[in-house]
Structure formats: structure tokens, C-alpha cells
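Undergrad: Sequence first, then the predicted structure, then my questions.
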Amino acid sequence: MAETVLFVDDEPNVRAAMQRLFAESDLNVALAADGREALSLICAQPVAVVVADYRMPGMSGTELLERVRDLSPETVRVMLTGYAELQTALDAINLGEVFRFVLKPWENEHLRAVVEEALARYRLVLALRDADESTLLSLAQMIELKDAYTRGHCERVAAYALRIAAALNFDAQRTAHIRRGSWLHDCGKVGVPESILNFQGPLNSYDFNVVRNHPRWGAEVARKARLEREIVNMILFHHERWDGEGYPHGLQGEQIPLEARIVATADVYDALTSDRPYQKAMTPARAASVMHSLAGTQLDPRLTELLLAELAREEKERRP
């Protein structure tokens with residue numbers, strides 16, 4: 001069954017343009033002239049993505065998207081407007097929890113890309129619900145394909161995080177949470193354009209902010225998929241730092257949930273020992289030295305020592 005994308009705009013020429021833009025897609029394109037008509041359509045059928053104008057008679061786009069959020073939480077919401085006002089963007093983000101904010105006049109390729117990314121997010125929420133472990137890993141690997149340099153990252157992070165969990169004597173349930181959360185910790189990257197993820201060079205401030213939003217987006221997806229709180233914590237807080245200089249909330253020390261500190265430690269070690277656009281993979285010895293320097297600033301010092309001790313023990317056992 002084709003997924004439905006709903007465009008809401010009081011200007012007939014805009015609705016006609018949307019119809020033409022997606023005429024050759026596999027999508028079911030629905031059109032509404034105002035918020036009331038849009039809500040009727042959403043009540044009558046599942047809608048994957050709604051793209052709403054900001055200024056419409058009777059009900060603003062912000063109010064509409066806020067009501068869509070309550071009525072159909074899994075529907076991904078996009079704001080389209082010609083009024084690039086800061087307050088408009090803030091209202092759309094805070095009240096309607098919009099996925100993207102697109103300015104008129106839009107570029108067709110950009111709008112197509114935004115809708116595709118919104119659909120990917122919608123599909124991820126549905127797929128995560130009631131997914132078994134093999135499905136969760138497959139989804140995480142699919143997301144990794146957006147960034148060629150992170151292929152295999154989620155499995156390696158899980159392997160390192162599970163070493164720490166074992167050293168802490170986690171029970172089977174907590175260990176399972178660590179494994180799943182490690183696989184999914186970067187799932188919010190489904191909302192980051194590949195042009196940004198694969199950009200060779202320093203990002204501008206806007207693109208950097210898009211990347212920094214991936215923990216929030218991922219956590220929102222996980223909550224909508226009704227994943228366990230521990231898994232949501234790993235997704236949301238894995239970029240927090242021990243010294244409080246991380247994001248998105250600037251938590252510090254043990255304010256950061258333990259499971260998120262474990263994934264953060266594993267995440268950094270894998271980043272150091274893997275090829276990335278900005279650096280070649282470090283040797284284990286060099287990576288251990290860098291990890292020691294980050295303990296107490298970026299990383300939990302106790303967890304860092306646990307991971308490095310476990311890796312050193314394994315290396316010793318491998319030697320003849």
C-alpha cells in the first residue's frame with residue numbers, strides 16, 4: 001500500500017505544484033486547503049508525512065502540526081513557509097515538534113529530499129515497534145549505509161560496550177539493553193542528510209547544528225517505537241560529556257545515565273581505532289593513550305579504565 005504524504009496549503013497553485021512534483025513517485029499524494037480539511041484526512045487514513053504551510057486562514061500551520069502531533073504521533077511533520085521568522089521556526093519546533101522547516105520558494109530537489117528523509121523516519125518508527133534483535137541490528141546497519149565511514153560501527157560499539165557491561169556484572173536484561181542501545185545509538189542520523197554526513201571538510205554552523213540534533217531525533221523515534229527507557233537514554237545522551245561540555249543537555253558526571261556513559265566510552269574508542277574522514281585509525285596503544293587523556297573530561301574515568309583493562313587482558317591472552 002502506497003504511503004500517504006499530505007500537503008496543506010491555501011494557495012491552489014502551491015497544491016498543484018506539489019501534485020506535479022510527486023506525480024511520478026510511488027506515493028499517495030493528498031492535498032488539503034486548510035487545517036480542518038487536513039485533520040479530516042488524517043482521521044480517515046494513515047498519513048506518513050504532512051507538509052503544512054505556516055500562514056493559512058482559520059488555523060495556522062503551527063496549530064495544525066501541534067494537533068497532528070497529538071492525533072497521529074508517528075506522522076512526520078514538515079513546515080513550509082515563505083516567512084523566515086525566528087519565532088515561526090521556534091513555534092514550529094517547540095509546539096509541533098516539526099522534523100524540518102522548508103522556506104518558500106522551495107527547490108524541488110531539496111523538497112523531494114526532505115520528504116524522502118521524513119518517510120525514512122516514519123518507516124523506522126514502524127519497523128522498530130515489536131522488532132526482534134535481528135531486525136534491530138538490520139535497521140542499525142541500514143542507517144549506517146548513509147555514512148560510508150561508519151560501516152560496522154554499531155556492532156563494534158556494542159562489542160566494546162558489552163565488555164564494560166560484563167565488567168560491571170550486568171544481568172541478562174541490562175546486558176540486552178546495552179546491546180540494543182549500542183546498535184541504535186546513532187539512529188537519529190536517519191534525519192541527517194547524506195550530503196552533510198559525507199561532507200569532506202569542516203561543516204558550517206547550520207550543518208553542524210543539524211548533526212548535533214541527531215540524538216534528539218533518534219530518541220524521539222525510539223520513544224514513538226516504545227523502546228525501553230534505557231535504550232532511549234543511550235540514544236539521547238551518548239554525546240554528553242563527563243565535564244558537562246557535551247550535548248544536547250550539557251549533563252555532567254553521574255547526571256548522565258550510566259548506560260549512556262558506557263556507550264559514549266565505547267563510541268569514542270571505536271572512533272579512534274577506525275578510519276574517519278578527518279583521521280586515520282589509531283593503533284590500540286595510541287588509542288589507549290588518548291582515552292586516558294579524555295578520562296575525567298570527555299569520558300567517565302572509571303568506565304574508561306574498565307574498557308582499557310579488559311582490552312589489555314584480551315591482548316595479553318592472545319600473545320603466544
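TA: Alright, I've got the coordinates.
Undergrad: Helices of the stretch 151-300 of the chain, start to end?
TA: Using DSSP state H, counting those that start in this stretch, the helices of the stretch 151-300 of the chain run over 153-167, 172-184, 194-197, 205-212, 214-224, 229-237, 258-272, 284-294.
Undergrad: what is residue 51 paired to in the beta sheet?
TA: Going by DSSP bridges, residue 51 is paired in beta bridges with residue 7, residue 78.
Undergrad: low-confidence ranges in the stretch 151-300 of the chain?
TA: Along the stretch 151-300 of the chain, no part satisfies pLDDT under 70.
Undergrad: hang on, the earlier thing: just name the most buried of the helices of the stretch 151-300 of the chain.
TA: Comparing these by mean neighbour count (mean count of other Cβ atoms under 10 Å), helix 258-272 comes out on top with a mean of 25. Glycine gets a C-beta too; all of them are placed from N, C-alpha and C.
Undergrad: Summarise which helices and strands that one is packed against.
TA: helix 153-167, helix 172-184, helix 229-237, helix 284-294, helix 301-318 (3 or more Cβ pairs under 8 Å, 6 or more residues apart in numbering; DSSP states H and E).
Undergrad: tell me what the fourth one is packed against?
TA: Yep, that's helix 284-294 we're talking about. Counting by 3+ Cβ pairs under 8 Å, 6+ apart, helix 284-294 packs on helix 258-272, helix 301-318.
Undergrad: How about residues contacting the last one?
TA: Residues external to helix 301-318 that are found in contact with it (Cβ atoms under 8 Å, 6 or more residues apart in numbering): 160, 163-164, 166-168, 242, 261-262, 265-266, 269, 284, 288, 291-292, 294-295.
Undergrad: Over to the shortest one?
TA: Residues lying outside helix 258-272 but in contact with it, judged by Cβ under 8 Å, 6+ apart, are 153, 156-161, 164-165, 174, 177-178, 181-182, 185, 230, 233-234, 236-242, 256, 281-282, 286-287, 290-291, 294, 298-300, 303-304, 307.
Undergrad: Next, the angle helix 214-224 makes with that helix.
TA: Put simply, helix 258-272 runs at 130 degrees to helix 214-224, going by axes from the mean of the first three to the mean of the last three Cα atoms, to 10 degrees.
Undergrad: which one is residue 182 nearest to, not counting chain neighbours?
TA: Spatial nearest neighbour of residue 182, excluding adjacent residues (Cβ to Cβ, 6 or more residues apart in numbering): residue 158 at 3.7 Å.
Undergrad: Could you do residue 167 as well?
TA: In space, and not counting its chain neighbours, residue 167 is closest to residue 306: 4.5 Å by Cβ to Cβ, 6+ apart.
Undergrad: what about that neighbour, how many neighbours?
TA: Applying other Cβ atoms under 10 Å, we find 19 residues neighbouring residue 306.
Undergrad: need the helices and strands packed on helix 284-294 in JSON lines with distance to residue 113, can you?
TA: Shown next, in JSON lines, are these (distance: least, Cβ to Cβ, whole Å):
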{"stretch": "helix 258-272", "distance to residue 113": "27"}
{"stretch": "helix 301-318", "distance to residue 113": "38"}
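Undergrad: for the ones you listed, which one sits closest to residue 41?
TA: helix 258-272 (39.2 Å; Cβ to Cβ).
Undergrad: what comes into contact with the helix or strand hosting residue 42?
TA: Using DSSP states H and E, residue 42 sits within helix 35-44. Outside of helix 35-44, the residues within contact range by Cβ under 8 Å, 6+ apart are 6, 8, 30, 32, 47, 50, 52, 56, 58-61, 63-64, 67-68, 71-72, 75.
Undergrad: What of stretch 160-170?
TA: By Cβ under 8 Å, 6+ apart, stretch 160-170 touches 174-175, 178-179, 181-182, 262-263, 265-266, 269-270, 303, 306-307, 309-311.
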